[in-house]
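A.B. asks: what's the 3D shape of this:
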Amino acid sequence: MERHTLKNIMLGMAVAGMVAASLPLRADDEILSLNDLNKKVADLQKANDKFTFTGGGVDLRYDQQEYPTTTVYAKAISQTASAAKAGIYAKRGELDFAGKLMTNVKWVAIFDFTDTTFKDLGLVASKIPMLPGLVDGDDLGWTLQVGQFRQKFGVEQQTGSFNLPLEDRAIFDGGPNPWAAVKNKVNNPYTVVPSKLMGERGIGVHALVDQPVGAGVKVQYGISVDNDVIDGGQAAGQNSVTGGWPKQTTDTQLSVVNRLGVQAISSDYLGLNVGGSFAHDPQDAQQMTTGTANVVAADISGADIRIDTLKKALMLQAEFDGYTVVNGKTGAGQRAEGWYAEGVIEPLKLVSDDLPRFQLIGRYEKDMPNVNSPKGTIDFDAATAGVRVIYFGNCHTAFNYTTYGVGGNFNRMPDASFLTVQQQVTF
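C.D. replies: Numbering: from 1, shown residues only. Presented below is the predicted three-dimensional model:
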């Protein structure tokens, strides 16, 4: 009995379903359904635009660093060998995020988990008309950044670590520095190589225009007005002025940074880019005033050139920076200078773009701590050779070796060297 009742119920439900399916769908029901679907898709897209993962990467390193204790007596130099420092560690672990706030305006955040600090952080507005009401922003427009971003100076300072030709920057741009702790026996600062002449980032307002002017020629101009040019970014794990920006506590005046660049040639066989940079950095709490003895500032100048040729299989790049301390009463004081020249060749690219990629890389650099010292100066040198195997876009395995010299003589620092092996994964 129960079996027949259940069978009848199921049969009735099937018949009801067939009848319902045979009834025509009303037009307004169909329109309502499509409208709801479109609205849900639009809501999902809007939510995605507000918070988007834009990329990131990881660098794992093995370093073997042999930096002997160095003592300088006037122009003489002596060294005491020290134990090599070697080990494996995570050099970098970045995630990049962005989100649309309104038309042509977005927020940006790049966070490095290895040193728990933000790199870029702030707002970016694009296509801002250079001449409002006269020129459209699509034709001649600024990109405006408000927050912590790269200062518009030089080439290395504006290049992200994942895109550098070598795994480390030049010494005067903050690379590994065996002379940062030189013992000075003559009480003269010319023997100490500055670990960084110009910082990478500052908090303030940054603007950039990149304007084609025809026939492969492009003019680029950038300017930064920010809190401090040397610290280079808020210190990891710090959320105060004294901790995050230690130099800013005695450097309350705004710094101004500029770079003008020209892409003079752009083709598959030859590319030429040249640029010049200048920054003025007041370094105490008073405006720079001639005749005021205790007012000090720094003027930093730079020049750069890059050549790409042989279907971009060969890249040559050079950069020069000069850092002058200026005293309000006595005028120009100590001046430090540094330059590097580097080249990258990708041999198999000369044959075909479809072959496996590997690069041979070399760099020579010179640092001059005080070129106008009355007691003379000591020049410090570094030479780096590297091999890089590239795959899956910008992922690569790299081997670099650096040796150091004094006055162009690498036999004067036989015990100083730096070996790195780095695995980079970007996504």
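A.B. asks: can you map out the helices along the stretch 1-150 of the chain?
C.D. replies: Ranges of helices within the stretch 1-150 of the chain are 2-22, 27-50, based on DSSP state H, counting those that start in this stretch.
A.B. asks: What mean pLDDT does the longest one get?
C.D. replies: When the per-residue pLDDT values of helix 27-50 are averaged, the result is 65.
A.B. asks: Same question for the first one.
C.D. replies: Throughout helix 2-22, pLDDT has a mean value of 49.
A.B. asks: show me where the stretch 1-150 of the chain has strands.
C.D. replies: 52-66, 69-73, 76-80, 85-102, 105-112, 117-129, 141-150 (DSSP state E, counting those that start in this stretch).
A.B. asks: want to try a markdown table for those strands, with distance to S161 and mean neighbour count as columns?
C.D. replies: Glycine gets a C-beta too; all of them are placed from N, C-alpha and C. Below are the strands of the stretch 1-150 of the chain laid out as a markdown table (distance: least, C-beta to C-beta, whole Å; neighbours: other C-beta atoms under 10 Å):
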| stretch | distance to S161 | mean neighbour count |
| --- | --- | --- |
| strand 52-66 | 7 | 16 |
| strand 69-73 | 28 | 17 |
| strand 76-80 | 31 | 13 |
| strand 85-102 | 6 | 14 |
| strand 105-112 | 9 | 17 |
| strand 117-129 | 9 | 17 |
| strand 141-150 | 11 | 20 |
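A.B. asks: For I230, which of those is the nearest?
C.D. replies: Smallest distance to I230 across the strands of the stretch 1-150 of the chain (C-beta to C-beta): 14.3 Å, for strand 141-150.
A.B. asks: what packs against the closest one?
C.D. replies: Using 3 or more C-beta pairs under 8 Å, 6 or more residues apart in numbering; DSSP states H and E, the elements in contact with strand 141-150 are strand 117-129, strand 201-214.
A.B. asks: circling back to that earlier point, tell me which of the strands of the stretch 1-150 of the chain sits nearest to T403.
C.D. replies: strand 52-66 (10.0 Å).
A.B. asks: So which residues make contact with that closest one?
C.D. replies: Under the criterion C-beta atoms under 8 Å, 6 or more residues apart in numbering, residues 82, 84-100, 161-162, 167, 176, 394, 415-427 lie in contact with strand 52-66.
A.B. asks: Over to stretch 401-417?
C.D. replies: 64, 66-68, 70, 77, 79, 81, 176, 178, 378-386, 418-420.
A.B. asks: now those residues: which count as buried?
C.D. replies: With burial judged by 16 or more other C-beta atoms under 10 Å, the buried subset of the contacts of stretch 401-417 is 66-68, 70, 77, 79, 176, 178, 378-382, 384, 386, 418-420.
A.B. asks: what's the distance between G222 and N38?
C.D. replies: 42 Å (C-beta to C-beta, to the nearest Å).
A.B. asks: In which helix or strand does the closest residue to N400 other than its chain neighbours reside?
C.D. replies: Closest residue in space to N400, ignoring its immediate chain neighbours: G386 at 4.0 Å, by C-beta to C-beta, 6 or more residues apart in numbering. Element membership for G386 (DSSP states H and E) is strand 380-391.
A.B. asks: Report the rounded mean pLDDT for whichever helix or strand comes after that strand.
C.D. replies: The first helix or strand that comes after strand 380-391 along the chain, using DSSP H and E, is strand 395-406. Averaged across strand 395-406, the pLDDT comes to 94.
A.B. asks: what's the spacing between strand 395-406 and its chain's center?
C.D. replies: 19 Å (C-alpha atoms, centre = their mean, to the nearest Å).
A.B. asks: Give the next helix or strand downstream of that strand.
C.D. replies: Assigned by DSSP H and E, the successor of strand 395-406 is strand 417-426.
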